[in-house]
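Engineer: would you be able to build a 3D model of this:
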Amino acid sequence: MKVIAFNGSPRPDGNTKRLLEYALAEIRQEQIETELVQLGGSNIRGCTACYECVVAKNKRCSMTEDVANGFIHKLLEADGVLLGSPTYFADITTETKAFIDRAGLVARANGNMYRRKVGAAVIAVRRGGAVHAFDSINHFFLISEMIVPGSSYWNIGVGHARGEVDGDEEGIRTMRTLGQNMAWLLKKIAG
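Structural biologist: Down below sits the predicted model:
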């Protein structure tokens, strides 16, 4: 089994990564392989609605000049996915949104190819807007027929400066519980 985490923050070592790592550490303790991929700051572009993926049905986006197809392939090979983003104007980063749009259309063009994978959103926030960002990612998982595990609270960590989320005890507890619940669910599904 494998869980892939996408860090949608342009800060590769910022609060979003830290939150993802708390969840991933719990997943690794259950002998599940993990990988963390830096999505934020990549050259990923948004979907152009060309619908060539609908025609080709080859599990790829027709735009090949950026990282999207590599990320889609990683998502397809994983059993579970954590998709993390900081909160930008009460929503996710543009790279995270571009990935959702591209990966989502390719999935739907290919019979909802992420169906029954486990997916969870992780959000870093300075103050407000995190629930909307959390919902944006969960909408992608739910329309993709993925299974979304819960935690002890919304998967949100509070902090502004790099590393500040390490002081959010409830946020850390939430991430750890998320990782435990995700590992449990993956093992139940693998049965």
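
Engineer: which parts of this protein are strands?
Structural biologist: 2-7, 33-38, 80-86, 118-125, 156-158 (DSSP state E).

Engineer: in JSON lines: the ones you listed, plus mean pLDDT, mean neighbour count and distance to residue 174.
Structural biologist: Just so you know, the C-beta spots here come from the backbone N, C-alpha and C atoms, and that holds for glycine as well. Formatted as JSON lines, the strands of the chain follow (pLDDT from 0 to 100; neighbours: other CB atoms under 10 Å; distance: least, CB to CB, whole Å):
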{"stretch": "strand 2-7", "mean pLDDT": "98", "mean neighbour count": "25", "distance to residue 174": "15"}
{"stretch": "strand 33-38", "mean pLDDT": "98", "mean neighbour count": "16", "distance to residue 174": "18"}
{"stretch": "strand 80-86", "mean pLDDT": "98", "mean neighbour count": "28", "distance to residue 174": "13"}
{"stretch": "strand 118-125", "mean pLDDT": "98", "mean neighbour count": "27", "distance to residue 174": "9"}
{"stretch": "strand 156-158", "mean pLDDT": "98", "mean neighbour count": "22", "distance to residue 174": "7"}
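
Engineer: hey, what's the spatially most central residue of the chain bridged with?
Structural biologist: With distances taken as CA atoms, centre = their mean, residue 83 lies nearest the centre of the chain, 1.1 Å away. On the basis of DSSP bridges, residue 83 is bridged to residue 6, residue 121.

Engineer: and it, what is it in contact with?
Structural biologist: Contact analysis of residue 83 by CB atoms under 8 Å, 6 or more residues apart in numbering lists 5-6, 8, 96, 99-100, 119-122, 137, 140-141.

Engineer: CSV for the strands of the chain, including distance to residue 149?
Structural biologist: Formatted as CSV, these follow (distance: least, CB to CB, whole Å):
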stretch, distance to residue 149
strand 2-7, 11
strand 33-38, 15
strand 80-86, 9
strand 118-125, 6
strand 156-158, 15
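
Engineer: could you pull out the helices for the chain?
Structural biologist: 15-29, 52-56, 68-77, 94-109, 130-143, 169-190 (DSSP state H).
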